[in-house]
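Trainee: Please find the sequence and the predicted model below.
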Amino acid sequence: MTSSDRAGRRHGKGRRSWSAARGRGRLDREAMGRRGGAAMAIDGRTVVGFDGSPSAWRALDWAAERVAARGGALEVVHAIDSRLGGAVFGPRFDLETTVEVGLAQARNHVRALAPGVAVDVRWVEGPPANALLGEAAGAALLVVGTDKGPSRSGTRIGTLPLKLAAKADCVVAVIPDAPRPTRNVVVVGVDRSAFARSALALAVTEAGWSGAEVEAVHAWDVPEALHAALDSGEHADPAFLKRERAVIPEAIADVPIARSAPITDVVLRKNPAEALIERGAGAVAVVVGTRGRGRFAASLLGSVSHDVLQNLPCPVLVTPKEFSFVVPSGPDDRDEW
């Protein structure tokens, strides 16, 4: 892998509007308002998909700690197709009691972990993906877990997180089997698309709450046929490199909340998903947008987002839409993430 000749430039020096509250770094709300408003409602609902599995318990812990720090309501939802219980155990199987026992355990766990959090638990009938999408309508965040982790490359993520990330109207957080962060950094993938600008706005908001810095990553690559030329010493056109280096500064200029935030930009010649996976190791989170190069289907994940979710280095947040203060996309926008 060959990096570009500029990586790691800092933005936002001398213009920080960050404050500490109760030992946690977070964005000054008044300053956020002057810059165009928060990227995500901090008092909205957080919905957790829960089925009693180890991955669901990890997602519940992550969500409960988040709501305890930021406020809002926590909803724990177990979505289950009752036909499956009847098919396995027969018509007399008491599915409702079985599920509610698990939900009561989840409620008690949240109350012990975060006593001040308002928590509601319930189960809903239906295939999990469709049921959770319905329950998360109007929510600020939908959280699900996976057994996939950075040290478990042979484990499959399953289809549920991918379906939710592709189709949810709210931000989706996928929580892997990963250790606590070792770097107080939120990594975000940036390209020329409006959805990447939404991801940048969300990353700045996330970093503000934890006192983290933002690492904006723009990775460019060439078709396989051109690799040999670059690897043998052939130089890319300076005008091309200049355009690639301008991607992150242009995105920051378009997102008011990002203009005064501490952001380090990283420009690499590398497969974009690989770059995010590598830079996300040990990070607080990786943030990506949903839409890929294909504008024809709004329900599809972008290829980069899909690949990152298949190889989660840390919690991954997927944002599906433009925030209100993001400059709308133009006809020349490329939808890569």
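Mentor: Sure, I can see it.
Trainee: What ranges does the chain have for its helices?
Mentor: Counting by DSSP state H, the chain has helices at residues 29-34, 54-70, 82-89, 95-113, 128-135, 159-167, 194-210, 224-231, 238-245, 247-254, 272-279, 303-310.
Trainee: highest average neighbour count across the ones you listed?
Mentor: Ranked by mean neighbour count, these are led by helix 194-210 with a mean of 27 (mean count of other CB atoms under 10 Å). All C-beta atoms are positioned from the backbone trio N, CA, C, and that covers glycine.
Trainee: Enumerate every residue touching the closest residue to G52 other than its chain neighbours.
Mentor: Distance criterion CB to CB, 6 or more residues apart in numbering; nearest residue to G52, sequence neighbours excluded, is G102 at 4.4 Å. Contact analysis of G102 by CB atoms under 8 Å, 6 or more residues apart in numbering lists F50, D51, G52, H78.
Trainee: where does the stretch 1-150 of the chain have low pLDDT?
Mentor: 1-10, 12-43, 83-95, 149-150 (pLDDT under 70).
Trainee: and with 90 instead?
Mentor: The stretch 1-150 of the chain contains residues with pLDDT under 90 at 1-44, 70-71, 80-100, 125-127, 147-150.
Trainee: The stretch 151-300 of the chain too?
Mentor: Using pLDDT under 90, the stretch 151-300 of the chain drops low at 151-160, 166, 169, 177-179, 192-195, 210, 220-238, 240-241, 269-271, 289-300.
Trainee: Give the bridge partners for the residue nearest the centre of the chain, please.
Mentor: Per CA atoms, centre = their mean, the C-alpha nearest to the average position across the chain is that of L317, at 0.8 Å. Listed beta-bridge partners, L317: A173, V287 (assigned using DSSP bridges).
Trainee: isn't it right next to V286, touching?
Mentor: Yes: L317 is in contact with V286 according to CB atoms under 8 Å; the separation is 7.3 Å.
Trainee: joint contacts of these two?
Mentor: Listed as contacting both L317 and V286 by CB under 8 Å, 6+ apart is no residue at all.
Trainee: wait, what's in contact with the residue nearest to the centre of the chain?
Mentor: Counting by CB under 8 Å, 6+ apart, the residues that L317 touches are V171, V172, A173, L202, E206, A285, V286, V287, V288.
Trainee: Same check on A56?
Mentor: The contact partners of A56, by CB under 8 Å, 6+ apart, come to V48, G49, F50, V144, G145.
Trainee: try 6 Å
Mentor: By CB atoms under 6 Å, 6 or more residues apart in numbering, the contact list for A56 reads F50, G145.
Trainee: cool, the one 3 residues further on as well?
Mentor: With contacts taken as CB under 6 Å, 6+ apart, A59 has the following neighbours: V48, V143, V144, G145, I175.
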